[in-house]
Every structure is written in structure tokens, then in C-alpha cells.
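could you look at this predicted model? Sequence included:
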Amino acid sequence: MSQGGAAEREAAKPQDRGWAWMVLLAAVLLQGLTLGFPSCIGVFFTDLQHEFQATNSETSWFPSIMVAVLHGGGPLCSILVKRFGCRFVVMLGGLLSGVGMVSSSFCKSISQLYLTAGLITGLGSCFSFQAGVTVLGYYFVRWRALANAIASTGVSLGFTLWPLLSQHLLDEMGWRNTFLIFGGILLNCCVCGAIMRPVQLASGSLLQSPKPGEEPERKAEEAQLSNGASSSQPKLQQQTRTACFQMLQKHLAFDIFCQNKGYQIYTIGVTWMMMGFALPHIYLVPYAIQNGVEERRAALLISIIGFINIFIRPFTGLLSGHRVFTGRRIYLFSLAVLLCGLSNFICVISAEFSMLIIYCVILSIAMSGIGALIFQVLMDVVEMDRFSSALGLFTILESITLLIGPPLTGLLVDITSDFHYVFYTSSFFLISAALFMVLSFCALEKKTKLKEASKARLDNPSRYQYNEIPTEPQSESQSPPAVVYITSI
């Protein structure tokens, strides 16, 4: 009996030990399979153009839809996780991703590719990635920060390996067979999800499972509503509107956006930044090929970015955690965005392979800063009890600009027949976003200090009394108006 009780207690406390480390390994693989996957799409850009006789703008819609859905499907994913649990959602995402890529290998037009590889694979990657990140919070408590840092290395590994594998398979088998193989590879997300079994609390309840009483209660409510008279219809509509509003309030924090100036500035800045952030990842390989770089060496450029990220991103995370940057991470983030924008001018100066390597090194350093800080800064400007809802609106807005940025730039390239405009456009959005965030937060800090100084005068008015002392003593009842008059200056 004592051995059975010890085993039960061990099963009830899986955090930070045992199976938790297998779950962490699965999370690393998930991030490499999902977030790292879009990095290889640029390798197929030229082949897809020739296959479907598509323009740059039409071809760029494919990776744009994939990345936009990957980032913007967060609220839907959180609803599914709450209802069905992380394990189910990760496996559902793996199934969608695999089916999407297998279906894309049979596409007869570029618009069909938008639906299969863009929408279906993007949505599946979103489910697997976000549910995989969520489950780490259940399995790790003491080592949660370390677990998230280790899991994020999967993105860099994906950035490194996907382009190399893509170019090899493309040379050997063509893009259709490559997409078919990719479908099988992405199905491994289901294996990773199977590892993420629900966490059992000491009370015996499953932390990631829906409450067993919810379904009967819902059915009882539906039966009660169906038996009600027609006079209850307005009340039902009112309840429906209230429920919809509460759901929007929970997953899309419009109230925070209107009231919190820091969150408002940061969200606008990042949303604007995303118009140009993804452009080099999509157009760098076709730009290099157009300028005479061998296809294998062109694909190697994206892998260089990912390889450097493996080492720079953890260092950036540790640096930003230093107390010197407490409350100032937004300026470190803006510096990384500014460096990312300025680095694009290297491609404008020269398209030689050696110069493109230098560009990739500098871009990777800047990207590491952006990747390590983007959510840390959001945590700095929003209270943690509303972070999930603030994150929902944040990802939805940035996904919109991620969707429209590459096609609009592709249209510009089609009109001018000059790939340099890709890097001009990217630099414009990145540099302007960095300057906007720096200047806006400086002005906000100045305004906050003035408010604090005014509050200090209100709390301690004796320090701010005039030097003239009246000859006649004043009663206590007369002092409050004098204090109000002095502090209102």
C-alpha cells in the first residue's frame, strides 16, 4: 500500500522532473517543425513562379498566408486548448499541417496553394506551436524560464535545417515530391503531442481537461431555454451578446489598448514593423539567385541566419534580464529593430555572396534581439493577469501586416523589375517603427514623471508653500483651499 501511495504521489507531481524533460524535448521539436518551417519557403519561390506562371506578388501570398495564420490563430487555439486540452490540440495541429502539405503537392494553381499550404498548414502549425508552449507551463514551475529558453532553440534549429533539407530535396525530387515528404515530416507533430499527456493534480483532476460537469450543465441550460416562452427571446439575445462581449474581452483586450498608452504604442509599433520584418526571409533567396548566386549557396544564407540565432538568442535573453535594462527593454528592442532595418542596405550596396553572408550575420544578431525581447517587452507594459488577452489582440494585429506586407512589396517588384525595392521597403518600415517606439516611449516617460512630480506635490504640500508668511494666523478650515490653489499650478 505504501508503495502504491508513493507512486500516486509521484504521478501527481510531474513538474520539473521525469517525464517533464521528455515533454521539453517534444516542445523543442515542435518549435523547429512549426515556427522554423516558413523559413524554407523562399527556396521554392522561383520554382513556384515558373510552375504556375505567377508574379512575385501572387507567389508571395502563399508564405504570407501561412505566417499570418501561424501568428493570428492564437485566440482560436486558446479556446480549443481550454475545451479539449493541449495534447489534443497539438495532435490536431500536426494532422492539419501534414494534410495541408500533402494536399499542396497535388495543387494545379497558385490559389489552391493558398488554401492548402497557406491556410491549412499555417493553422495546423499555429495549433501545435501555441499548445506546445502552453503545456510547458503545466510541466515546469521551478525551471519554467529555463524550459522556455531551451524550447526556443528549436526555432533556430528549424531555421538552420529546413532550408538545407529543402534545397537538397528540391534538386533531387522537385517541389511536388518535396511537399509530399514535408507532409510526412510535419505529421511528427502528432508524435510530439502524444508525449504531452495531461498533468494530473494531487486531487486527481486533470489540469488540461474540460470539466466533466460542463457538458451536462450546458445541455440542461439548452433544454431550459428551448422550453421557455417566446417572451424570453429578448433575454436570450441579451445573454448571447453579453457572452460574445465577454469572450472578446477575454481573448482580445480592446479595453487595454484604449486605456494603456504603453501597450497602445508598442502594439502599433510592432504591427507597423511587421510590414517589413518578413520581407528578407521571403525574398532573400530569389534575390541572390537572380544576381548569379548558386541555388545551394542561396539556400545556405537562410541557414546561416538560423545557426547564429542558436547562440545569440540565449545571450540576448540573459542580457535583457540584467537589472540595468529593467524598465528599459523597449529601447533595447527598438535598437534591434533599427539594426535590422539598417542592415538591409548591405544588400542594396552589393549582391556578392560574401556581402550577403555579412548581411545574414548582422541580420541574425538583430533578429535574435527582436525574438528574445518581443514578448518580454509586452510583459513589461501589460499586467500579467491580462497578458493572455493582450497577447491575443497583439498577435491578431501583427498577423494582418504580416499577411499584406510581402504581396504589396512583390507588386512593387513586379512594377519596377528591381529586387532592391524589397530591402528599401523593409528598411523603411523597420527604421520608422524603431524611431516611433523610441520617441513615443520617451514622451510617455516624460509625461509619467511630470504626473509623479505633481502627485508628490499633492501628497506633501508643505514642501511647496510660498515663502510669504501671513501676519494673521489662519484657521485650520482655511488651509485646504490654500493647498488646492498651490498644487494646481
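Here it is on my side, so go on.

excluding chain neighbours, what is closest to residue 29?
residue 192 (5.4 Å; Cβ to Cβ, 6 or more residues apart in numbering). C-beta here means a position set from N, CA and C on the backbone, and glycine is covered the same way.

that should have said residue 126, apologies.
Among residues not flanking residue 126 along the chain, residue 73 sits closest, at 3.7 Å (Cβ to Cβ, 6+ apart).

for that neighbour, phi and psi?
Backbone dihedrals for residue 73, given as degrees, to the nearest 10, come out at phi -90, psi 10.

now residue 105
According to degrees, to the nearest 10, residue 105 has phi -70, psi -10.

my understanding was that it contacts residue 183; is that so?
Yes. Using Cβ atoms under 8 Å, residue 105 is in contact with residue 183, at 7.2 Å.

picking that back up, list the contacts for the residue nearest to residue 126?
Neighbouring residues of residue 73 by Cβ atoms under 8 Å, 6 or more residues apart in numbering: 122, 123, 126, 127, 130.

now do it against residue 146, distance only.
Remark: distance between residue 73 and residue 146 (Cβ to Cβ, to the nearest Å) = 27 Å.

tell me what the longest helix along the chain is packed against?
Counting by DSSP state H, the longest helix found in the chain is helix 144-186. Counting by 3 or more Cβ pairs under 8 Å, 6 or more residues apart in numbering; DSSP states H and E, the packing neighbours recorded for helix 144-186 are helix 19-34, helix 45-52, helix 86-104, helix 121-139, helix 295-320, helix 353-381.

mind putting these in JSON lines, mean pLDDT and distance to residue 391 included?
As requested, the helices and strands packed on helix 144-186 are exported to JSON lines (pLDDT from 0 to 100; distance: least, Cβ to Cβ, whole Å):
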{"stretch": "helix 19-34", "mean pLDDT": "91", "distance to residue 391": "17"}
{"stretch": "helix 45-52", "mean pLDDT": "92", "distance to residue 391": "31"}
{"stretch": "helix 86-104", "mean pLDDT": "94", "distance to residue 391": "17"}
{"stretch": "helix 121-139", "mean pLDDT": "88", "distance to residue 391": "10"}
{"stretch": "helix 295-320", "mean pLDDT": "86", "distance to residue 391": "18"}
{"stretch": "helix 353-381", "mean pLDDT": "89", "distance to residue 391": "7"}
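
most packed of those helices?
Highest mean neighbour count of these: helix 121-139, a mean of 26 (counted as mean count of other Cβ atoms under 10 Å).

and residue 429, that one's in a strand?
No. Counting by DSSP: H, G, I helix; E, B strand; the rest coil, residue 429 falls outside a strand, being helix.

what does the pLDDT read for it?
Note on residue 429: pLDDT of 96.

which residues touch the closest residue to it other than its chain neighbours?
Closest residue to residue 429 apart from its sequence neighbours, by Cβ to Cβ, 6+ apart: residue 276 at 3.1 Å. Shown in contact with residue 276 (Cβ under 8 Å, 6+ apart): 341, 405, 425, 426, 427, 428, 429, 430, 433.

let me know the pLDDT of residue 224.
47.

actually, residue 204.
50.

quick one: the helices in the stretch 201-350 of the chain?
Per DSSP state H, counting those that start in this stretch, the stretch 201-350 of the chain carries helices over the ranges 214-226, 233-251, 254-259, 261-277, 279-290, 295-320, 329-349.

residue 449 belongs to a helix, doesn't it?
Yes. Counting by three-state DSSP, residue 449 falls inside a helix.

and it, how far from residue 263?
According to Cβ to Cβ, residue 449 stands 19 Å off from residue 263.

so where's the chain shaky on pLDDT?
Within the chain, the set of residues satisfying pLDDT under 70 comprises 1-14, 16, 145, 200-251, 384, 458-489.

tell me the contacts of residue 175?
By Cβ under 8 Å, 6+ apart, the contact set of residue 175 is 44, 47, 48, 51.

what distance do you get for the nearest residue to residue 277 once chain neighbours are set aside to residue 60?
Spatial nearest neighbour of residue 277, excluding adjacent residues (Cβ to Cβ, 6+ apart): residue 430 at 6.7 Å. Per Cβ to Cβ, residue 430 is found 18 Å from residue 60.

distance of residue 409 relative to residue 344?
12 Å.

more neighbours: those two, which one.
Taking other Cβ atoms under 10 Å, residue 409 and residue 344 do not tie; residue 409 has more neighbours (28 against 24).

ok, that one touching residue 287?
No. Residue 409 is beyond contact range of residue 287, at 11.7 Å (criterion: Cβ under 8 Å).

who has more neighbours out of residue 449 and residue 263?
In this view residue 449 and residue 263 are compared by other Cβ under 10 Å, and residue 263 has more residues nearby, 22 against 10.

how about that one, what does it touch?
253, 256, 257, 378, 381, 382, 390.

kindly recompute the last result at 10 Å.
Counting by Cβ atoms under 10 Å, 6 or more residues apart in numbering, residue 263 touches 253, 256, 257, 378, 380, 381, 382, 383, 386, 390, 393, 394.

quick one: end-to-end distance for stretch 252-264.
One end of stretch 252-264 sits 13 Å from the other (Cα to Cα, to the nearest Å).

and that stretch, how far out from the chain middle?
Taking the mean of its C-alpha atoms, stretch 252-264 sits 18 Å from the chain's own mean (Cα atoms, centre = their mean, to the nearest Å).

that stretch: which residues count as buried?
252, 253, 256, 257, 260, 261, 262, 263, 264 (16 or more other Cβ atoms under 10 Å).

report the contact partners of the third one.
Residue 256 sits next to 249, 262-264, 267, 381-383, 386-387, 389-390, 393-394 when contact means Cβ under 10 Å, 6+ apart.

most surrounded residue in the residues you listed?
Result: residue 394 is most packed of the contacts of residue 256 (other Cβ under 10 Å), 26 neighbours.

distance check, it against residue 401.
Distance from residue 394 to residue 401, by Cβ to Cβ: 12 Å.
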